[in-house]
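need a structure here:
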Amino acid sequence: MQVLITGCAGMVGSHCVQYYSRRAEKVFGIDSLIRSRLFKSEKKSVEYNWEYLSKFKNVNRIYLDIRERDDLEEVFKKNSFDLIIHAAAQPGVSLSLASPEDDFSINAAGTFNLLELARRYSPSAVFIYCSTNKVYGDNLSKYELIEEESRYSFKNITGIPEDLGVDLTSHTPYGVSKYVGDIYVQEYAAVYGLKAAVFRMSCIYGIRQFGFQDQGWLAWFLIAALTGKSVNIYGNGKQVRDALFIDDLVEAFDAFYNSGISAAVYNIGGGIENTISILEYLNMLEDKLGLKIERSYQDWRLSDQKVYISDISKVSAALNWHPRTSISKGIDAVISWVRSNKNMF
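I've put the predicted structure just below:
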């Protein structure tokens, strides 16, 4: 078995590499290491994961930008892949507004490059695409909300289903570019017979996650708390997400790979049992860390969803999968890792 994983130095990609290093003959990881530049960080982030993966003997790290079609084609010409996990992306909403060209070229054009090369050189490969709940845009506003003491909640539903419309709504450039990749994966499955799954992810978190204010908020708030930084809250802090620990996500990917399903679109996250608001999370951190976190409030951000909770009934039934890690247990693992590597932050 040979596996290709893009964005291998990111949190999702690096965990996929580690998982398949124990199950595959060879794992090829591709990354351009531009995350720190995109987020204007003076600290290393994905560089840490890049070095971390060097300890796995059957992992071949390839420094490459998925936008460079010719370079990417050389990888496909030399290898035949059984599984391709496409986790490389420009992941920030604010970044997509500031640099829409980078956003489109990475998320849309880069995904097309991978699909076309998979079709030509590894047509029997299983293709897994890491999409996002942002493809639904402001259509979430169709659902009435209830404002409670520490959170917003949906009034009449428990989670967002896969058939919520994506048209006739605003998305931000990030939501659009990710949906371009999303729909292209679906089309390559329908037209060319590629076995493919789109996983529209909610809030994914875990160890080796270098969170920033614009992306990876669970990790970012924890890092800020442990390094004495104030945290900015946009809006009132009652925004809610369902959170999924990275190990559970990778197991879902593997369940699709081993399934007989030819093509599918899944909403995936922690589901209704693993929801948390910003205010609730900060209170949890203060209890776990035994310290007070300084907070400041700013205006709402453009297209910030007040509530997003995945309806995971489809993916659970199809793949016999369900989240196994509670938010409290998952955050304990992240706390331990950040404390052990505090010098990096």
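
can you give me the helices in the chain?
Ranges of helices in the chain, per DSSP state H, are 11-21, 35-38, 46-52, 69-78, 93-98, 100-104, 110-121, 172-192, 217-226, 246-257, 278-289, 313-319, 327-340.

pull out the buried positions in the third one.
Buried residues in helix 46-52, defined by neighbour count with 16 or more other CB atoms under 10 Å: 46, 47, 48, 49, 50. Bear in mind the C-beta positions are built from the backbone N, C-alpha and C, glycine included.

likewise the longest one?
When neighbours are counted by 16+ other CB under 10 Å, the buried residues of helix 172-192 are found to be 172-182, 184-186, 188-189.

got a list of contacts for the helix or strand of the chain with the lowest mean pLDDT?
Ranked by mean pLDDT, DSSP states H and E, the weakest helix or strand in the chain is helix 35-38, scoring a mean of 74. Helix 35-38 is contacted from outside by 9-10, 41, 43-47, 90, 92, 95, 99, 102, 210, using CB atoms under 8 Å, 6 or more residues apart in numbering.

give me the distance from it to the chain's centre.
In terms of CA atoms, centre = their mean, to the nearest Å, the centre of helix 35-38 is found 16 Å from the chain centre.

buried stuff in that helix?
Buried-residue list, helix 35-38, by 16+ other CB under 10 Å: 35, 36, 38.

just stretch 152-171 next, same as before
Buried residues in stretch 152-171, counted by 16+ other CB under 10 Å: 152, 153, 154, 157, 159, 160, 162, 164, 166, 169, 171.

distance to residue 143 and pLDDT for those - can I get that in CSV?
Formatted as CSV, the entries for these read as follows, by distance: CB to CB, whole Å; pLDDT from 0 to 100:
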residue, distance to residue 143, pLDDT
152, 11, 97
153, 10, 97
154, 5, 97
157, 6, 97
159, 10, 98
160, 8, 98
162, 15, 98
164, 9, 96
166, 15, 94
169, 13, 90
171, 17, 91
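
and the residues you listed, which of them are in strands?
152, 153, 154 (DSSP state E).

so residue 257 versus residue 218, what's the distance?
Plainly put, residue 257 is 27 Å away from residue 218 if you go by CB to CB, to the nearest Å.

quick check: pLDDT value at the nearest residue to residue 289 once chain neighbours are set aside.
Computed as CB to CB, 6 or more residues apart in numbering, the closest residue to residue 289 that is not its neighbour in sequence is residue 225, at 5.9 Å. Looking at residue 225, its pLDDT stands at 94.

now find how far off-centre stretch 286-305 is within its chain.
Distance, centroid of stretch 286-305 to centroid of chain: 21 Å (CA atoms, centre = their mean).

switch to numbering from 832
New numbering, starting at 832: the last item is stretch 1117-1136.

in that stretch, which residues are buried?
1124, 1134, 1136.

in CSV: those, plus pLDDT and distance to residue 853.
Formatted as CSV, those follow (pLDDT from 0 to 100; distance: CB to CB, whole Å):
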residue, pLDDT, distance to residue 853
1124, 94, 37
1134, 71, 39
1136, 87, 36
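
in JSON lines, list the residues you listed along with distance to residue 969.
What follows is those, written out as JSON lines (distance: CB to CB, whole Å):
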{"residue": "1124", "distance to residue 969": "30"}
{"residue": "1134", "distance to residue 969": "6"}
{"residue": "1136", "distance to residue 969": "8"}
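
out of those residues, which is nearest to residue 1030?
Using CB to CB, residue 1136 is the member of the buried residues of stretch 1117-1136 that sits closest to residue 1030, with 18.0 Å.

how close does the residue lying closest to that closest one once chain neighbours are set aside sit to residue 965?
Once flanking residues are discounted, residue 1136 sits nearest to residue 971: 5.4 Å by CB to CB, 6+ apart. Per CB to CB, residue 971 is found 10 Å from residue 965.

which one's more surrounded, these two?
Using other CB atoms under 10 Å, the more surrounded residue of residue 971 and residue 965 is residue 965, with 23 against 19.
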